[in-house]
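# Quick one: sequence plus predicted model below, questions after.
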Amino acid sequence: MPVIDLRSDTKTRPTPEMYQAMVEAPVGDDMDGEDPTVNRLQERVAEMFGKEAALFGVSGTMTNQLGIRCHCGPGDELLIHRTGHIANYEGGAPAAMSGITCRLVGGERGMPTPEDFEAELHPEAQHYPRTRLVCLENSTNMGGGAAWPIDRFREAAGWARERGFRVHLDGARLFNACVARGYTPADLTAEVDTISICFSKGLGCPMGSMLIGSADDICKAFRARKLFGGALRQSGIIAGAALFALDHHIDRLSEDHANARLMADQIAAMPGLRCDPATVETNILFFELDSEIGTPQQLATAVRERGVVMMPAGPRTIRVCTHLDVTRDDIKQAAGVLGEELENLRQSAKPVSLVRQG
Ligand SMILES: Cc1ncc(COP(=O)(O)O)c(C=O)c1O
């Protein structure tokens, strides 16, 4: 049975054209800086962001962790939204790899304001960790794919700089935000010190990420990458896919966004599910299931048996993520299956009516 996998944009497989670009990429020993395709990719991305340098990494987790390690060390802390990937889904790496603690702050849909940051600041004293860094995420994963408005982003980054903190951007899905809001990566990140981007999400590559920043920071990250076991050899085969994706897979992200919006519209019309299509800006959406009908796990299991895969993401919540391997027709089919299985679940949840005997 063909599967429509809506769990994550990491589920994509390389297209035949991307495979071809990988096969044709000239390669060398990247650990010694001799891979021409990796070098070309690093130069191109640095230029795209208006920064001095960029460094290829295996994953978004790695390039996030290299980034924060450029700015802080043991005993320091970083400030991040309470749903941020760096704090929640990277295996405790800030503490485990670099001795850094995370102070969590609030904010709507993963986007803290200067006031949200101020509310959690502590005095400068021996009792406290030293605050060094602010981490922002764009688009926000657990914030429902929200894309920061550029003014609000600049305000948050500007606040950090005024306070003397450095700024790291987790841009695993930055191109989704750029396409949704119409800004360029360089417009957005002028006030940011380091940026991590992923090729393995909306851009459809099998793996690969990039850390972007000043020559000085990238030099520090280069040493740490070796330490973390991330210095590779002929990684040009992967960089070839990334170059292909930069040429062919950025503009098409708007299709994923339109598909997510279509799915949200369909879900919003199903009694028993709650979703606000107006909040769907990129390729991620969350919806809630009425608890009288069943659990997200029950609904996800039922649709999975019919070839539609979704991610339960909380006691009442399910996440849907659109991507390169999901067409508009797939979305229509997935919505149809969801509606039918919701109805089946509702029927099976109905209390059995008490029949008076005699
Ligand atoms: C916002 C965000 N940052 C970072 C990452 C980490 O990327 P990776 O899975 O390549 O380590 C992810 C992964 O989904 C993510 O959603």
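Nice, I can see it.
# Next, the buried residues of stretch 265-281.
For stretch 265-281, burial by neighbour count (16 or more other C-beta atoms under 10 Å) applies to 266-267, 270, 272-273, 275, 277, 280-281. Bear in mind the C-beta positions are built from the backbone N, C-alpha and C, glycine included.
# Kindly check the end-to-end length of it for me.
Stretch 265-281 has an end-to-end distance of 13 Å (criterion: C-alpha to C-alpha, to the nearest Å).
# quick one: that stretch to chain centroid distance?
Centre-to-centre, stretch 265-281 and its host chain are 21 Å apart (C-alpha atoms, centre = their mean, to the nearest Å).
# now do stretch 29-45
Here the centre of stretch 29-45 is set off from its chain's centre by 24 Å, with C-alpha atoms, centre = their mean.
# What residues sit buried inside it?
The neighbour-count check on stretch 29-45 (16+ other C-beta under 10 Å) flags 30, 35, 37-42, 44-45 as buried.
# Relative to residue 71, which of the buried residues of stretch 265-281 is nearest.
Distance ranking of the buried residues of stretch 265-281 against residue 71, using C-beta to C-beta, places residue 281 first at 28.7 Å.
# tell me the SS of that closest one?
What DSSP: H, G, I helix; E, B strand; the rest coil gives for residue 281 is coil.
# Let me know the pLDDT of it.
pLDDT for residue 281: 98.
# ok, back up a step: of the buried residues of stretch 29-45, which are in range of the ligand?
Among these, no residue is within reach of the ligand (C-beta under 6 Å from any ligand atom).
# Those in helices, which ones?
Among the buried residues of stretch 29-45, DSSP state H puts 37-42, 44-45 in helices.
# List the buried residues for stretch 139-148?
139-148.
# what's the spacing between the host helix or strand of residue 333 and its chain's center?
Residue 333 is located in helix 328-349, with elements delineated by DSSP states H and E. Counting by C-alpha atoms, centre = their mean, helix 328-349 is centred 27 Å from the centre of its parent chain.
# Show the model's pLDDT score for the residue of the stretch 51-200 of the chain found nearest the ligand.
Here the stretch 51-200 of the chain gets closest to the ligand at one residue, residue 60, 2.5 Å apart by C-beta to the nearest ligand atom. Turning to residue 60, the model gives it a pLDDT of 98.
# That one contacts residue 200, doesn't it?
Yes: if you go by C-beta atoms under 8 Å, residue 60 and residue 200 touch, sitting 7.5 Å apart.
# So which of those two has more stuff around it?
Between residue 60 and residue 200, residue 60 has the larger neighbour count (other C-beta atoms under 10 Å), namely 27 against 22.
# Can you tell me how far that one is from residue 98?
According to C-beta to C-beta, to the nearest Å, residue 60 and residue 98 sit 16 Å apart.
# Could you say which helix or strand holds residue 118?
helix 114-120.
# What residues of that helix count as buried?
Neighbour-count burial for helix 114-120 flags 114, 116-117 (criterion: 16+ other C-beta under 10 Å).
# Strands of the stretch 251-358 of the chain, residue ranges please.
Applying DSSP state E, counting those that start in this stretch to the stretch 251-358 of the chain gives strands spanning 273-274, 284-289, 308-309, 311-312, 317-321.
# right, and these - which one's nearest residue 214?
With C-beta to C-beta as the criterion, residue 214 lies closest to strand 284-289 of the strands of the stretch 251-358 of the chain, at 30.8 Å.
# how about the closest one as CSV, C-alpha atoms only?
C-alpha atoms of strand 284-289 as CSV (Å, rounded to 0.1, in the frame of the first residue of the first chain):
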residue,chain,number,x,y,z
ILE,A,284,3.8,22.3,10.0
LEU,A,285,0.4,22.2,11.7
PHE,A,286,-0.9,20.8,14.9
PHE,A,287,-4.5,19.9,15.6
GLU,A,288,-6.4,18.7,18.7
LEU,A,289,-8.8,15.8,19.0
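# Report all helices and strands that it contacts.
Counting contacts by 3 or more C-beta pairs under 8 Å, 6 or more residues apart in numbering; DSSP states H and E, strand 284-289 packs against helix 253-268, strand 273-274, strand 317-321.
# CA-only coordinates of the helix or strand harbouring residue 20 in CSV, if you can.
Residue 20 is part of helix 16-24 when elements are defined by DSSP H and E. Output of helix 16-24 as CSV, limited to C-alpha atoms (Å, rounded to 0.1, in the frame of the first residue of the first chain):
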residue,chain,number,x,y,z
PRO,A,16,16.3,10.9,-9.3
GLU,A,17,17.7,14.3,-10.3
MET,A,18,19.2,14.8,-6.8
TYR,A,19,20.8,11.3,-7.0
GLN,A,20,22.3,12.3,-10.3
ALA,A,21,23.8,15.5,-8.8
MET,A,22,25.3,13.4,-6.0
VAL,A,23,26.8,10.9,-8.5
GLU,A,24,28.3,13.7,-10.6
